[in-house]
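# Here is my input; please provide its structure:
(chains A and B)
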Amino acid sequence: MTWRSRIAGCCLSVASLSFILLCTASSAGTSRFPNAIADEGVDGSSSLALAPVDVRFAADGEETPDFQRHVSPLLGRLGCNGRACHGSFQGQGGFRLSLFGYDFVSDHAAICGAEAGRVDSANPIESLLLTKPTDAGFHGGGLRFEKDGWQYRLLERWIREGGKGIGEPARLDRLEVTPAELVFTAAGESVPLRVVARWADGSREDVTPLCRFQSNDPQVARIDAEGKVTSANQGDSHIVVFYDNAVQPVPVMRRWSELPPAAGPREIFRPLDQLVQDKLDKLGLDRSGLADDATFLRRVCLDLTGTLPTSADVHKFLADPSPDKRERKVDELLATPAYAAWWATFLCDMTGNNSEQLKIGVAAEAFPKLWYEWIRKRVADNAPYDEIVEGLVLATARDQGEGYAEYCEDLCAMVRTGDCGEYVGRPGMPLYWMRREVQTEDERANSFAHAFLGLQIECAQCHKHPFDEWTQADFQGFARMFSGVAVARANGLPKSDRADAEKILAELGAAPRDKDLNRKFREGLRDGKTVPMEQLIVTKPQMSREKRRELMEQTGERVREVSYREGVLPGGREVSFAGVNDIRRPLMEWLREPDNPYFSRALVNRVWARYFGVGIVSPTDDLNRANPPSNEPLLDLLARSFVEHEYDLKWLHREIVLSRTWQTDWQPNETNAQDRRNFSRALPRRLPAEAVVDAIEQASASTRENSEWFATTAGRAIELPGTAYGRPNPRNQSAGFALQIFGRSTRSTSCDCDRSEETSLIQTVYLQNDRDVHALLARRDGWLAEVADSTVASVPARPRAETEKRIRNLVRMQERFTREGHTEQAEKIAKRVDAMRQNLGDQSDQSDPPDRTDLSGPIPDDSRIRLLIEEAYLRTVCRPPTPAETDRCLEHLHEYPTLREGLAGVLWALINGSEFIVNH
Amino acid sequence: MPWHRQCDGLTRRDCLRVGTLGAAGLTLGGYLRMTQGAEPARRSLSQSAIFVELPGGPSHIDSFDPKPDAPTGIRGEFSAIDTQLPGVQFSEHLPKLARVNDRFTLLRGVTHTLGAHPLGQKFINTGNRPTPALEYPAYGSVAASQLTTHPDLPVYVAVPRSSQGPGYLGVGRAPLATNETPRAGQPFNVRGIALGNGVTIDEIGRRKKLRDDLDRRFDSLQENDELLAGLDLFSQKAFEMITSRRARDAFDVSQEAESFRQLFADDQFSQSCLLAVRLVAAGVRFVTLSLGGWDTHQENFTKLRDELLPRLDAGLSALFTGLEQKGLLASTTVLASGEFGRTPKINDRGVGGGRDHYPRCMCMLIGGGAIRSGQVLGASDATGAGPANEGFKPEDVAATFYQALGIDPQLEFQTPSGRPVAVVREGSPIPELLN
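Numbers count the residues shown, from 1 in each chain, chains lettered A, B, ... in the order given. A predicted model of the protein is given here:
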């Protein structure tokens, strides 16, 4: 046997293994097996599972097939309820089944209803349900099964026994799939799967012939309709089994190499490294080496702050011999304003801070800004993630005791001045619920599931979710959880606020029915008056006005008010609304439950994906059952530890960036060049749009501006609040253009794909020849202008004294090691000291006053020029150039009459290189 | 690239997985070059298309659907004039279009229900009723995904920009936006294409050489990495576009013959129309133009008479005439539309009153290419309050537009979240519109 199989918890014996093969042989036609067969449960218990239907119905018998357990899954397996066939909303040939099944009532009616005429109970074999699929000429969908096959017999017997539907659906506990994991060693090996359904009533049945199967990556393994898996290329993925509402993934892999795990001790910096290593060992993947200091620094600055290190940072970091410098750098970055700005942008992407949807009343950009600043403050203060979410989820418009007049007054002042100060300090921020396009309970459920659960449940709005356990009823139950808040516009205020509103209107000289009310509001606001504002109010759970309107539009009929009494949480738990004041509370409590399967996982997975370019679950907003994590123990550990650390975001960032896994180099080795999902090497990622815009500006900034780059984030793309692009930056008026073409998140559709990190032609045209880029390079207050002005030092002074001090310390350390006989370490240090001395020696040239060389004239070929070339490298790719690179740049410089012109080309060439635009 | 599935469980077939390509002896870079740089496809009915956005929502009654017999409070200040087609009248402020309306077909009684600007625009500019769950692509982005042109030209250009983005098709299908409009008789410098700040072609060439020599760090990775292969490919293609004469010349309207330029008025919209003709002639496959200001809640008649209608009249008529003179009308489909019509009833705001948003009844103009021209289809009722009969759905017009461009409106894409979606979800081509 060339493949190996394992099941979780217990090893499958050779005997039962061959039993499975025999069992599958039965589906090929033999039918000598008894109707019940012994097998071994996953929990080790031995119980009886009903033999598969293809055995039981191979010949005539007494058993009556069940609509839920047999008929409906069979139609699914045969493809009847697929999108192209009867599952389409038109329903081919007037026969419509629910897409992907699980709507037993309507599916039964479509088959057996008096109008349907698809079964003939008097003469079952004349039923359309049997005659159509067995007659290719007669059936648009072609031949689905043979007359007298088990499928035929099953359906025929079901019709003969009355074609009964079901009441409440029976609950399926789980699917047990054997083997529970597939490990292949060569292409072309194959193994059949066997699936046992375990129902809540304790019954068990082999349902292999009734399942649908899917391979998540046919490049790794294919699966046929009968459940036979065949291996292909190296790699790992999952086979997914569908039956009833269950979705069960089965890991499948083919090792990348048969190399034994690399010899010697593994570098394990953090607990997560072990789990990554375990998976690599299993796959025969060797991890790439540790990234060098320059690579680390650029990557850590970009990932933690969306910002490149300054050239002085690079110098300082490379010269620093202390062993804990990476850790110190991480702590230093976590305390910068750039960290708060950048990760607030991340949370605004996630929660959907969209300017277009926040045009509330007459104000425009004030609200996206409030949203952003509210989050930024909490990121800077390192507020726990669950508290940030609570502030959004449970927000109300007004502080306790605040009247409507006061509310309007304060908000108007904020809109007018753009100063969010006081609001940023409030515990809640209601704008999450006030977005214009997210007002029906259905949209809110979609948006909430995306943001906080990392789920796309939209499919289940109309039909059974194809990749998860969500049924349409589940969706509706969940959506009701979002029916307890509404946006009250000025003309829909609660009674208690109306007197205040009338007073405000009177002071504006306006009446509620005025036609140009908006103009009056706009002008009033401008003139410093108070105007009525929309507010978020908690209501009793009821169908939203917006959903009613939608239904009326669809049906053309009047829809009356509908009150909701209970909602359903994912997983099926009902929440009664009786006696609950604000039904968002139970929702928030559920998020916080320690075993919530989504809340913490969704966040750590998204953060992880920002660091690795790919999530442990990918895409990151698709945590459905059919899309399992590439490394379950890893995701589990991170999610659990994040909760244990009380949702401490900085803890999470540190844990990731200080791991060996994240600090792995991008250079592939013999085994891992093709691996993209196990974190065996760093994947090159295109810089995010904001970082592109800021980095070009930073690279071209004056020495002084560049050196102070981390002091503030004012006017930078990483701190843009909403999705409107009027950036108050005199140098780069149209940064909005660059942000759009480089794919800054549009925050428009509850999808992580709203942000794009793809490449495109327009992006390269921009980098090569956009007027903004040319202008930035040529700007008067920029670095190139400064170079041309020979009286200014265009290379930051090296921290010479600091380096000298470090050298002294190192020498002492070296002496101690030598004394104690650790010659290897002593030699290493000696080498480092030599390098540093060499470096210092080079710098001594610089002690000449810069104005001694006329940099505005022809290019002198001396070390000053080499330093300028180095400076250009540090500003863009954040490493010193190799001697060959320096020589090539020198060659280029000598083609020009002035240094400035030549150096512009060097900077341009660096910005246009992939090393610049990629985080690696 | 994340591995997505379709709703019915099929895996994506067109996924650029290196393993497959490697096995077929084709490198990723080679594959991308093959797909991105191919010569123009010949399968389409029309070679090119132009979409003219009229944001704000033009009043149908005061432009293409006059109601001279309606009561004063509806009829408005303008009288109606005869056109090239017997029995068809336009507003008196569209005399030039009235002379060329055998070159296009006017649709009256187009109807929908979205009365807010952003929603209406999303609907009309994509042919799909907007939903918060999905951002549909602009027509041009779909065209850019299906059509090709010379390697040194962009497929899709927006003058000055498009209000609708590439949606689920991703940033790779965004237009090259000129951000500005050409000025009459002056060389037109387009962002990204024109050379500025003293940078010459020679200079770009030297810099590019330096860049290619220096950018070697990831050479070993390139074959296996879609991102790096893409960067390399696009870097070459951008350079070709910037340094070839073709692209720069295509944008430079001052190179048109004087006699031809004179067909076009000096204002921004007419000059944009001139640019569109020139771009299409050069091989650009889709151009989006824009003429805004139609949101005439107040002073409807003054604004229409003094500015909006004369500009539209001059620009659009010259667009059709210009395309025809260059022999391009038969291969270029033109669609012009705002997001909705305006209320028949005149309000009392500003001098002479205004008209408000009115999606129930509007007009659209479509012509050229595979469109059967010289007719008026559909009609509104006596007061322009709604379609006289069933009316046309925006989806159907969109489906027709795509069909004319040789793109099957039922063509299916997969959204980034794995959902299959047709280019036009609800519509089908209007048979009377197609030759």
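
# wait, is A:Met253 part of a strand?
Yes: with DSSP: H, G, I helix; E, B strand; the rest coil as the criterion, A:Met253 is part of a strand.

# The residue lying closest to it once chain neighbours are set aside and A:Arg255, how far apart?
Leaving out its chain neighbours, the residue that sits closest to A:Met253 by CB to CB, 6 or more residues apart in numbering or on different chains is A:Asp236, at 3.7 Å. To be clear about C-beta, it is placed using only N, CA and C from the backbone, and glycine gets the same treatment. Going from A:Asp236 to A:Arg255 by CB to CB, to the nearest Å gives 9 Å.

# Which one's more surrounded, these two?
The neighbour count for A:Asp236 versus A:Arg255, taken as other CB atoms under 10 Å in any protein chain shown, is higher for A:Asp236 (25 against 19).

# Output the contacting helices and strands for the helix or strand hosting that one.
In this assignment (DSSP states H and E), A:Asp236 forms part of strand A:235-243. Other elements packing on strand A:235-243 under the criterion 3 or more CB pairs under 8 Å, 6 or more residues apart in numbering or on different chains; DSSP states H and E are strand A:172-178, strand A:194-199, strand A:212-215, strand A:221-223, strand A:246-254.

# Switch those strands over to JSON lines; also include mean pLDDT and mean neighbour count.
As requested, the helices and strands packed on strand A:235-243 are exported to JSON lines (pLDDT from 0 to 100; neighbours: other CB atoms under 10 Å in any protein chain shown):
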{"stretch": "strand A:172-178", "mean pLDDT": "95", "mean neighbour count": "19"}
{"stretch": "strand A:194-199", "mean pLDDT": "96", "mean neighbour count": "22"}
{"stretch": "strand A:212-215", "mean pLDDT": "93", "mean neighbour count": "22"}
{"stretch": "strand A:221-223", "mean pLDDT": "95", "mean neighbour count": "23"}
{"stretch": "strand A:246-254", "mean pLDDT": "95", "mean neighbour count": "22"}
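
# Which one of those lies nearest to A:Lys529?
Nearest to A:Lys529, of all those, is strand A:246-254, at 57.5 Å by CB to CB.

# Strand partners (parallel or antiparallel) of the closest one?
strand A:181-184 (parallel), strand A:235-243 (antiparallel) (DSSP bridges).

# Quick check: B:Thr149 touching B:Tyr156?
No: counting by CB atoms under 8 Å, B:Thr149 does not reach B:Tyr156; the two are 9.3 Å apart.

# and stretch B:401-408, anywhere near chain A?
No: judged by CB under 8 Å from any CB of the partner chain, stretch B:401-408 and chain A are separated, with a smallest distance of 15.9 Å.

# End to end on that stretch, go ahead and measure it.
10 Å (CA to CA, to the nearest Å).

# do stretch A:759-775 as well
With CA to CA applied, stretch A:759-775 spans 23 Å between its terminal residues.

# So for the closest residue to chain B within the stretch 301-450 of chain A, what's the pLDDT?
Closest contact between the stretch 301-450 of chain A and chain B, by CB to the nearest CB, is at A:Glu437 (4.2 Å). Looking at A:Glu437, its pLDDT is 86.

# show me the contacts for the residue nearest to it when sequence neighbours are not counted.
Spatial nearest neighbour of A:Glu437, excluding adjacent residues (CB to CB, 6+ apart): B:Pro132 at 4.2 Å. Residues in contact with B:Pro132 (CB atoms under 8 Å, 6 or more residues apart in numbering or on different chains) are A:437-438, A:443, A:446-447, A:748-750.

# Mind pulling up the pLDDT for B:Pro132?
pLDDT, B:Pro132: 74.

# what's the pLDDT at the residue nearest to A:Met253?
94.

# Is it correct that it is in contact with A:Ala221?
No: counting by CB under 8 Å, A:Asp236 stays clear of A:Ala221, with 9.3 Å between them.

# which stretches of the stretch 251-400 of chain B form strands?
B:286-290, B:332-337, B:341-342, B:357-358, B:362-367, B:375-377 (DSSP state E, counting those that start in this stretch).

# from these, which stretch is densest packed?
Mean neighbour count, computed with mean count of other CB atoms under 10 Å in any protein chain shown, is highest for strand B:341-342 among the strands of the stretch 251-400 of chain B, reaching a mean of 32.

# re earlier: so can I have a markdown table of the strands of the stretch 251-400 of chain B showing distance to B:Pro166?
As requested, the strands of the stretch 251-400 of chain B are exported to a markdown table (distance: least, CB to CB, whole Å):
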| stretch | distance to B:Pro166 |
| --- | --- |
| strand B:286-290 | 12 |
| strand B:332-337 | 18 |
| strand B:341-342 | 28 |
| strand B:357-358 | 27 |
| strand B:362-367 | 23 |
| strand B:375-377 | 31 |
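
# so can I have CSV of these showing distance to A:Val183 and mean pLDDT?
Shown next, in CSV, are the strands of the stretch 251-400 of chain B (distance: least, CB to CB, whole Å; pLDDT from 0 to 100):
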stretch, distance to A:Val183, mean pLDDT
strand B:286-290, 50, 97
strand B:332-337, 56, 98
strand B:341-342, 65, 96
strand B:357-358, 63, 94
strand B:362-367, 60, 97
strand B:375-377, 65, 96
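
# between the ones you listed, which one is nearest to chain A?
Here strand B:357-358 is closest among the strands of the stretch 251-400 of chain B (CB to the nearest CB), at 13.2 Å.

# Just the residues contacting that closest one, thanks.
Contacts of strand B:357-358 from elsewhere in the structure, counted by CB under 8 Å, 6+ apart, are B:57, B:60, B:115-117, B:120, B:340-344.

# Of the residues you listed, just say which sits nearest to chain A.
Using CB to the nearest CB, the contacts of strand B:357-358 come closest to chain A at B:Ala116, 9.1 Å.

# wait, what's in contact with the closest one?
Residues in contact with B:Ala116 (CB under 8 Å, 6+ apart) are B:His357.

# separation between it and A:Gln357?
Distance from B:Ala116 to A:Gln357, by CB to CB: 12 Å.

# coming back round to it: drop anything exposed from the contacts of strand B:357-358.
B:57, B:60, B:117, B:120, B:340-344 (16 or more other CB atoms under 10 Å in any protein chain shown).
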